[in-house]
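> need a structure here:
(4 chains)
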There are 2 protein chains.
Amino acid sequence: MTRKTAQARRVEVLGETVRQIRAGGMSALRVADVAAAMDVSAALIIYHFETKEKLLAEALMYAAESDLRKLGRIMREPGTPATRVMAALEWYAPTGRARGWQLWIDAWSFSMRDKVLAKVLVDLQGQWTDAIGGAIDEGVAEGVFTTENSRDAATRLTSMLDGLAVRMLVHQERIGRLELHAWLARQVELELGETARKAIACGVNNSIP
Amino acid sequence: MTRKTAQARRVEVLGETVRQIRAGGMSALRVADVAAAMDVSAALIIYHFETKEKLLAEALMYAAESDLRKLGRIMREPGTPATRVMAALEWYAPTGRARGWQLWIDAWSFSMRDKVLAKVLVDLQGQWTDAIGGAIDEGVAEGVFTTENSRDAATRLTSMLDGLAVRMLVHQERIGRLELHAWLARQVELELGETARKAIACGVNNSIP
DNA sequence: ATGCAGACTGAATAGCCATTCAGTAAGAAT
DNA sequence: ATTCTTACTGAATGGCTATTCAGTCTGCAT
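Residues are numbered from 1 along each chain as shown, chains lettered A, B, ... in the order given. A predicted model of the protein is given here:
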């Protein structure tokens, strides 16, 4: 058994934990399984994380951080506010089997009983809302978007996507990429005005063939 | 200990189970707690339901059925399609502390691992979509609503409400009754055309002071 | 009255898993 | 080399709860 620094080991454990949650859901997660997959003892996990609950919270933070890094990258990319908003929403949106979403639906359920988890989620959602809301504000400043309240608009847009994720994962509805995109574009037009739609249509032609 | 017919006892147990799930969530549910609240033995619960998992599935069905009965009542009430659609959506919408919704968010999470539960949920959502979609169709026939596909419109509307429920319960966002109503009305207008808004405005003045 | 079906119970049982703990050893520091 | 920190382990332990089981009791049918 090669020893590793605590830091390296923690990251390794978090990665495996997230992988297993994605595969089987949070309630099926066993400390022993994570350990077995890494070929270490279960005691090691507890040694590094103290309790399973804390492991779970940290694992979610870990997953959230990687999501947020991606969001940051999208927001820093060159382009208009319209393309940025749309890129962010498209990436937020559930696609295909929506693997990643199962994690968050589980997290919603767990967070209602775990304050630490709840805080992670509030924070994560806050950052999404701020990022998208911020891009909307830019668009408003440039005169491309129209909205009363950019945060509220962002909330409604992401809420609809959350709901659609539930439709796809829980209710097994198949919603195609194009269909989803069309729904999203409609919604963006309602929220941000018709000039938004035109701005988006241009951006989209560049990124979606 | 007064003895009851199996049927009566089962209903009683289901009621208490749903109450406890609403109060503390599905994962906190203990057979012993349900029994204690009814002042019977835990063995009795198992005697009637065989296993906790089956109890859970039946309890969700029970909750779903009572929701659907209410939906049926709303749909049979006299009034225009516009008032019916709006009444259904208003009732579906999360309000206040949105107690009832915790149950369904839990159910989403559980259903991803339990096929029986998944089926209950698919069915429940199907009936909501059909009911709202049906009322929309009526409205279209009367020329009040305009939409390409009534089921898709119903899906989008209920999806947004699901997402808002998550915002309220998980992310602790306070969305006021009036605000929610305004958002809903906007959305209905987008989905069903502007004559829908007017029709709704009339109906709403009757029911909301 | 008597029997009987079946609702109901108390007291085990048993399985599952997180967590503990006493100790081992790897690698850095000296 | 020796020490020392600390990552790591194997083998308990302990707590929690669903489930079982061997009966008990109740109200109905005969």
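> Tell me which helix or strand the nearest residue to A:Ile175 once chain neighbours are set aside sits in.
The shortest distance from A:Ile175 to any non-neighbouring residue, by C-beta to C-beta, 6 or more residues apart in numbering or on different chains, is to A:Met168 (5.9 Å). Any C-beta I mention is one placed from the backbone N, CA and C, and that applies to glycine too. Using DSSP states H and E, A:Met168 maps to helix A:150-169.
> got the buried residues for that helix?
A:150-169 (16 or more other C-beta atoms under 10 Å in any protein chain shown).
> again with stretch A:72-86
The neighbour-count check on stretch A:72-86 (16+ other C-beta under 10 Å) flags A:Ile74, A:Met75, A:Gly79, A:Thr80, A:Pro81, A:Ala82, A:Thr83, A:Arg84, A:Val85, A:Met86 as buried.
> Give me the mean pLDDT for it.
Mean per-residue pLDDT for stretch A:72-86: 94.
> Pull up the residues of chain A that are close to DNA strand D.
Counting by C-beta under 7 Å from any atom of the strand, chain A comes close to DNA strand D at A:1-6, A:9, A:40-44, A:47-48.
> let's see 6 Å
Taking C-beta under 6 Å from any atom of the strand as the measure of proximity, chain A contacts DNA strand D at A:Met1, A:Arg3, A:Lys4, A:Ala6, A:Arg9, A:Val40, A:Ser41, A:Ala43, A:Leu44, A:Tyr47.
> could those residues go into CSV alongside distance to B:Glu65, neighbour count and secondary structure?
Listed next are those as CSV, based on distance: C-beta to C-beta, whole Å; neighbours: other C-beta atoms under 10 Å in any protein chain shown; DSSP: H, G, I helix; E, B strand; the rest coil:
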residue, distance to B:Glu65, neighbour count, secondary structure
A:Met1, 55, 7, coil
A:Arg3, 58, 7, coil
A:Lys4, 54, 12, coil
A:Ala6, 53, 10, helix
A:Arg9, 50, 17, helix
A:Val40, 48, 19, coil
A:Ser41, 48, 13, coil
A:Ala43, 47, 10, helix
A:Leu44, 48, 16, helix
A:Tyr47, 49, 12, helix
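> want to try a markdown table for those, with distance to A:Leu29 and pLDDT as columns?
Formatted as a markdown table, the residues of chain A next to DNA strand D follow (distance: C-beta to C-beta, whole Å; pLDDT from 0 to 100):
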| residue | distance to A:Leu29 | pLDDT |
| --- | --- | --- |
| A:Met1 | 23 | 57 |
| A:Arg3 | 25 | 81 |
| A:Lys4 | 22 | 84 |
| A:Ala6 | 22 | 89 |
| A:Arg9 | 18 | 97 |
| A:Val40 | 16 | 97 |
| A:Ser41 | 17 | 97 |
| A:Ala43 | 17 | 98 |
| A:Leu44 | 16 | 98 |
| A:Tyr47 | 18 | 98 |
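> Walk me through the domains of chain A.
A:1-50, A:60-207 (automatic domain parsing).
> Residue numbers of chain A in contact with DNA strand C?
A:Thr2, A:Arg3, A:Arg30, A:Val31, A:Ala32, A:Ala42, A:Ala43, A:Ile46, A:Thr51, A:Lys52.
> wait, A:Thr59 sits on A:Arg19?
Check again: residue A:59 is Ala, not Thr. No. A:Ala59 is beyond contact range of A:Arg19, at 9.7 Å (criterion: C-beta atoms under 8 Å).
> Between those two, which is the more surrounded one?
More crowded of A:Ala59 and A:Arg19, by other C-beta atoms under 10 Å in any protein chain shown: A:Ala59, with 26 against 13.
> Which helix or strand contains the residue lying closest to that one once chain neighbours are set aside?
Among residues not flanking A:Ala59 along the chain, A:Thr17 sits closest, at 4.2 Å (C-beta to C-beta, 6+ apart). Per DSSP H and E, A:Thr17 falls inside helix A:6-24.
> how far out from the middle of the chain is that helix?
What separates the centre of helix A:6-24 from the centre of its chain is 18 Å, taken as C-alpha atoms, centre = their mean, to the nearest Å.
> Does chain B have contacts with the next helix or strand after that helix?
As assigned by DSSP H and E, the chain's next helix or strand after helix A:6-24 is helix A:31-38. No. Using C-beta under 8 Å from any C-beta of the partner chain, we find that helix A:31-38 stays clear of chain B, coming within 14.8 Å at best.
> Can I get the helix holding A:Thr17 as CSV, trimmed to CA atoms?
Taking only C-alpha atoms (Å, rounded to 0.1, in the frame of the first residue of the first chain), the coordinates of helix A:6-24 have been written out as CSV:
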residue,chain,number,x,y,z
ALA,A,6,-3.9,13.5,3.0
GLN,A,7,-4.8,16.0,0.4
ALA,A,8,-4.3,13.6,-2.5
ARG,A,9,-6.1,10.8,-0.8
ARG,A,10,-9.1,13.1,0.1
VAL,A,11,-9.5,14.1,-3.5
GLU,A,12,-9.2,10.5,-4.7
VAL,A,13,-11.9,9.5,-2.2
LEU,A,14,-14.2,12.4,-3.2
GLY,A,15,-13.8,11.4,-6.9
GLU,A,16,-14.8,7.8,-6.2
THR,A,17,-17.6,8.9,-4.0
VAL,A,18,-19.1,11.1,-6.6
ARG,A,19,-18.7,8.3,-9.2
GLN,A,20,-20.6,5.9,-7.0
ILE,A,21,-23.4,8.3,-6.1
ARG,A,22,-23.9,9.0,-9.8
ALA,A,23,-24.0,5.3,-10.5
GLY,A,24,-26.3,4.2,-7.6
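> Show me what that helix is packed against.
helix A:31-38, helix A:42-49, helix A:52-76, helix A:99-111 (3 or more C-beta pairs under 8 Å, 6 or more residues apart in numbering or on different chains; DSSP states H and E).
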